[in-house]
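Asker: coords please:
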Amino acid sequence: YDGKCVFCRIARREEPGTALLPSQYEDLVCFRDIKPSAPHHYLVVPVEHMGNCKMLKAEHIPLVKRMMEVGKAVLQKNNFSDLNDIRMGFHWPPFCSISHLHLHVLAPASQLGFLSRLMYRINSYWFIT
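Answerer: Here you go, the predicted model:
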C-alpha cells in the first residue's frame, strides 16, 4: 500500500468522491475514469499496489485476464453488449500518469474522438492492448 498513490487510496475506499463499480474479484476494483474518452471509460485496478505495465511478467497473465473480465462485466452491467466495439489496454511508461497498474476499458471504441483515437491507438508505442 502506498498512501501517496491515488489508486491505492481509491482501492481502499479512502477517496469518498470515487464510486467503486461491482467487481467479481476482491483483489480488483473498477471505477469511472475522471476524464472519460468514451461514453463508457472505466479503469480496472489491482487493490495491491503494483507498478505500471512494464512490471508485468508471464505469471501475471491470469491477473490481466481477470482485469479484462471485470472490464467486460462492467460494460455489460451498464447495458453495453457489443464487445467487438471496445478497447482495452495499458499506457506504456512514460505515457501513464499514475504509476499503479490500471487497465483502460473504453466503449464504444467507434465513438472515440480524434485525440482519444491517438491516445488509445491499438498497440502503439504508448498504448498496448
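Asker: Now do the contacts for R12.
Answerer: Applying Cβ atoms under 8 Å, 6 or more residues apart in numbering, we find R12 in contact with 1, 47. For the C-beta atoms, the positions are set from N, CA and C on the backbone; glycine is no exception.
Asker: Make 11 the first number, not 1, from now on.
Answerer: Happy to do that; since the first residue is 11 now, the last one works out to R22.
Asker: any idea how far it is from V57?
Answerer: 7 Å (Cβ to Cβ, to the nearest Å).
Asker: just H112 next, same as before
Answerer: Taken as Cβ to Cβ, the span from H112 to V57 is 12 Å.
Asker: Between the two, which has more neighbouring residues?
Answerer: Between H112 and V57, counted using other Cβ atoms under 10 Å, the more crowded position is H112 (25 against 17).
Asker: Only the buried residues of the longest helix anywhere in the chain, if you could.
Answerer: Taking DSSP state H as the criterion, the chain has its longest helix at helix 71-87. Within helix 71-87, the residues that count as buried by 16 or more other Cβ atoms under 10 Å are 73-74, 76-78, 80-85.
Asker: Please put the alpha-carbon coordinates of whatever helix or strand comes next after it into CSV.
Answerer: The element immediately downstream of helix 71-87 (helix or strand, assigned by DSSP states H and E) is strand 97-101. The C-alpha atoms that make up strand 97-101 are tabulated as CSV, following Å, rounded to 0.1, in the frame of the first residue of the first chain:
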residue,chain,number,x,y,z
ARG,A,97,-10.8,-1.1,-26.5
MET,A,98,-8.8,-2.3,-23.5
GLY,A,99,-5.2,-1.6,-22.7
PHE,A,100,-2.4,-0.1,-20.7
HIS,A,101,-0.4,3.1,-21.3
